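Novice: I'll drop the sequence and a predicted model, then ask my questions.
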Amino acid sequence: MTTTKRDDMWIPSGPTLSRVIRAIATLFCFLSASTGCDQSGTDAVVVYVSADEQVARPILDAFTERTGIPVSPLFDTEATKTTGLANRLRRESERPRADLFWSSEPFEVERLAAEGLLAPASHPDLAGHPPAWRRADDRWFAFAGRGRVIVYDPEVLEPDEAPDRWTALVDPRFRDAIVMADPRFGTTRGHLGAMSVYWNRTAMPGYYEAWLEGLAENGVRMLPGGNAATVDAVVRGEAILGLTDTDDVAAARARGLRINAIMPRHGLDREKGGGPMLIPNAAGIVSNGPNPLGAVELLAFLTSAEVEARLYASPSRNIPVAHPELPIDPSDRIDEPLDVGIAETAAAMDEAVARAMSRLDPERIAQLRKSGPGRSLDGGDVTEEGIE
């Protein structure tokens with residue numbers, strides 16, 4: 001029997017834990033028969049999930065099959081990924097209903113942890129989780145990531161014409177031809193936060209704002225419906241370039257759609273830590289949730305090599321991060337991801353999004369379109385190669 005420590009008490013884990021929980025539930029129901037308690041078995045783990053339901057549900061079903069612990073999931077919508085459920089957790093903080101939060105991105109999870117809404121987790125199977133993919137106080141654990149990409153139709157744009165750096169999106173060749181998701185939600189929100197941190201730190205203060213201004217001059221359009229909507233807009237020929245994630249590309253290709261993707265760098269080739277952005281899933285136990293024993297078992301399962309392998313094999317094609325030894329296609333590897341921490345991204349993203357919403361306002365863009373071709377970030381004309 002394995003054990004795990006919660007506060008000052010050691011508790012069993014693994015299959016033994018499942019049997020203990022069922023025994024406790026049976027005893028409680030026997031003593032409280034008048035309450036109408038369900039005597040069929042273990043209390044369900046209530047999990048709020050912002051990952052796509054078709055990807056997450058098989059994982060949760062596998063956990064129940066493995067442990068005997070039922071799971072009751074609540075899923076978020078595509079348009080308000082993570083944000084909607086995170087705000088619900090805040091509203092319920094005085095009387096939590098959820099036991100665990102599983103998000104498809106870690107930045108709002110970090111904010112919940114900083115607010116004390118997620119509890120430290122301890123379990124033998126979490127002990128070896130890489131420090132780079134866990135909070136220092138173990139209030140969340142990250143796993144299975146997606147890359148941020150630019151999608152294009154290969155019959156409209158040749159691969160060597162696609163921008164290989166995010167800064168090249170201000171190239172006037174792409175005027176009125178770029179779409180992105182509403183940055184107030186989902187991975188676009190965190191991506192803008194990371195961009196603002198990286199560019200203002202490695203280039204110069206104000207670089208991020210200048211990039212936004214270049215996007216505005218190029219007439220970028222923000223779409224409702226999340227990252228999947230940007231892929232569909234490119235497929236329909238309504239845009240040349242779309243900002244999205246690798247899982248949305250995989251989903252489009254699975255539907256037989258013609259789409260290509262490039263994973264641009266944020267810095268120059270010689271700049272260490274300026275590579276593509278990798279955004280992992282993250283999960284944490286809800287503070288004072290009703291079923292902490294089941295929650296820690298589910299958390300340990302989600303971060304396992306088995307689940308990372310399942311997620312990579314799933315339609316999401318999530319890249320293993322906690323278990324990099326797992327075999328994947330070489331084209332899916334991100335050897336040098338963008339070097340911006342999850343906590344600093346979470347702290348910067350609200351301001352970054354506010355600046356984006358101000359500069360990319362459709363009415364403002366309509367006025368800017370009358371002012372001529374796009375410009376580079378240093379004030380000169382943009383070359384065919386993008387910003388130098």
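Specialist: Structure received. Residues are numbered from 1 along each chain as shown.

Novice: pretty sure residue 125 is in a strand, no?
Specialist: No - assigned with DSSP: H, G, I helix; E, B strand; the rest coil, residue 125 falls outside any strand and is helix.

Novice: In space, what's closest to it - neighbours in sequence excluded?
Specialist: residue 300 (4.1 Å; Cβ to Cβ, 6 or more residues apart in numbering). Where C-beta positions appear, they are placed from N, C-alpha and C, glycine not excepted.

Novice: Then that neighbour would be within a helix, right?
Specialist: Yes - counting by three-state DSSP, residue 300 falls inside a helix.

Novice: isn't it right next to residue 122, touching?
Specialist: No - the pair residue 300 / residue 122 is not scored as a contact, 9.9 Å apart, by Cβ atoms under 8 Å.

Novice: Name the residue in those two with the higher neighbour count.
Specialist: residue 300 (25 against 19; other Cβ atoms under 10 Å).

Novice: just for the chain, where's the confidence low?
Specialist: For the chain, applying pLDDT under 70 flags the ranges 1-42, 77-82, 370-388.

Novice: And the helix or strand containing residue 234, how far out from the chain middle?
Specialist: Take DSSP states H and E as the rule and residue 234 turns out to sit in helix 227-235. Here helix 227-235 is found 18 Å from its chain centre; the criterion is Cα atoms, centre = their mean, to the nearest Å.

Novice: Mind listing the strands whatever helix or strand comes next after that helix pairs with, and their directions?
Specialist: Next along the chain after helix 227-235, taking DSSP H and E as the criterion, comes strand 241-245. Using DSSP bridges, strand 241-245 pairs in its sheet with strand 141-152 (antiparallel), strand 178-181 (parallel).

Novice: which residues sit against the helix or strand following strand 241-245?
Specialist: Per DSSP H and E, the first helix or strand lying C-terminal to strand 241-245 is helix 246-254. Residues outside helix 246-254 that contact it (Cβ atoms under 8 Å, 6 or more residues apart in numbering): 52, 55, 146-149, 151, 227-228, 230-232, 235, 259, 261, 263, 315-319, 332.

Novice: Report the buried members of those residues.
Specialist: Neighbour-count burial (16 or more other Cβ atoms under 10 Å) applied to the contacts of helix 246-254 gives 52, 55, 146-149, 151, 227-228, 230-232, 235, 259, 261, 263, 316-319.

Novice: Tell me how far residue 71 lies from residue 57.
Specialist: As judged by Cβ to Cβ, to the nearest Å, residue 71 and residue 57 stand 9 Å apart.

Novice: Tell me which of those two has more neighbours.
Specialist: The residue with more neighbours, out of residue 71 and residue 57, is residue 71; 21 against 15, by other Cβ under 10 Å.

Novice: tell me the phi and psi of the nearest residue to that one once chain neighbours are set aside?
Specialist: Of all residues not flanking residue 71 in the chain, residue 60 sits nearest, at 4.5 Å (Cβ to Cβ, 6+ apart). Here is the backbone geometry of residue 60 (degrees, to the nearest 10): phi -70, psi -40.
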